[in-house]
Every structure is written in C-alpha cells, then in structure tokens.
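**Student:** Return a 3D structure for these sequence lines:
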Amino acid sequence: MLWMKHRGIINVTNSNLNSNKLDQTVTHLLVTVHNDGYTERYAECTQHVTSALKVDWVTSRSATHGVDTEAAHAASKNEYNTLRLPVMDLVTVALQSEDFVAQLKEVCPDEADGLGCGSLLTVC
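**Tutor:** All right, here's what the predicted structure looks like:
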C-alpha cells in the first residue's frame with residue numbers, strides 16, 4: 001500500500017496528464033472556444049458599428065462567417081466531458097483484482113524505470 005500512496009497515484013496521474021489524447025482534446029476545446037468568442041464579439045461589434053454609423057456592415061469578411069461556432073464549441077465540450085483515457089480502463093480492471101496493487105504495478109511501473117502507465121498501452 002505504501003507503493004500505492006507514494007508512487008501508484010502519481011504514476012496514474014502523470015499518465016493522464018501526459019496523455020496525447022487529453023492534449024488533443026483540450027487543444028480542440030481551446031480553439032473552438034476562441035472561435036466562438038471571436039464570432040460573438042464580431043457580431044457585437046457589427047451591431048455597434050451599424051447602430052452608430054447608421055450603415056449596413058458587411059459581415060461576410062469575418063473569419064468564421066457561415067460557421068456554426070457555437071455548435072462546434074458545444075461538440076468539443078461534450079468530447080472533453082466524455083473523454084475516456086485508455087489507462088483508466090486498465091486501472092479499473094486492476095482495481096477489481098484481489099491483489100490490485102500488484103496489478104497496478106504491472107499497469108503503471110515506476111516512472112524511474114523509464115516506463116510509466118502509457119508504455120504498456122503502446123505495447124498492447
């Protein structure tokens with residue numbers, strides 16, 4: 001249990017935080033929130049210009065013209081909220097074992113060994 005307290009939790013956490021899948025999902029979320037914010041601010045600015053100058057402002061020049069950025073952001077948020085990392089499936093199976101610490105040691109060897117939880121996934 002000392003291994004679990006001092007190494008196991010750290011190894012699982014590092015594996016999750018260093019996951020390429022997590023990085024890609026968070027990056028996609030950041031891009032979609034940026035685009036959606038840009039679209040909303042552009043629309044707001046257009047309304048102010050139209051109101052102040054009493055002219056029709058052409059919005060077709062917006063980088064996100066015709067793109068449903070709100071739906072793209074909602075989809076990326078859902079992708080993030082439902083993200084499943086493969087190492088967690090291995091951890092879940094290991095925790096159901098009678099000797100779950102031994103199982104976790106196999107799934108997540110110490111980082112000092114140069115491996116970590118992700119190394120087993122590349123082999124599988």
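
**Student:** I'd like the average pLDDT over the longest helix along the chain.
**Tutor:** Counting residues, the longest helix found in the chain (DSSP state H) is helix 20-53. In this model, helix 20-53 has an average pLDDT of 92.

**Student:** Touching the following helix or strand past that helix from outside, list them.
**Tutor:** Later in the chain than helix 20-53, the nearest helix or strand by DSSP states H and E is helix 69-81. The contact list for helix 69-81 (C-beta atoms under 8 Å, 6 or more residues apart in numbering) reads 25, 26, 28, 29, 31, 32, 33, 35, 36, 38, 39. For the C-beta atoms, the positions are set from N, CA and C on the backbone; glycine is no exception.

**Student:** ok, the third one to residue 90 distance?
**Tutor:** Using C-beta to C-beta, to the nearest Å, one gets 24 Å for the distance from residue 28 to residue 90.

**Student:** neighbour-wise, which of these two wins?
**Tutor:** residue 90 (21 against 17; other C-beta atoms under 10 Å).

**Student:** Once you drop chain neighbours, what's closest to the more buried one?
**Tutor:** residue 107 (4.7 Å; C-beta to C-beta, 6 or more residues apart in numbering).

**Student:** Around the one you found, how many other residues sit close by?
**Tutor:** Residues lying near residue 107 (other C-beta under 10 Å) number 23.

**Student:** Was I right to think it contacts residue 91?
**Tutor:** Yes: Residue 107 lies in contact with residue 91 (C-beta atoms under 8 Å); the separation is 6.3 Å.

**Student:** Determine how far the last residue of stretch 51-67 lies from the first.
**Tutor:** 24 Å (C-alpha to C-alpha, to the nearest Å).

**Student:** What are the buried residues along it?
**Tutor:** Within stretch 51-67, the residues that count as buried by 16 or more other C-beta atoms under 10 Å are residue 64.

**Student:** How is the protein partitioned into domains?
**Tutor:** The chain resolves into domains spanning 1-18+85-124, 20-83 when parsed by automatic domain parsing.

**Student:** how far does the last one stretch from start to finish?
**Tutor:** Using C-alpha to C-alpha, the gap from the first to the last residue of domain 20-83 comes to 12 Å.
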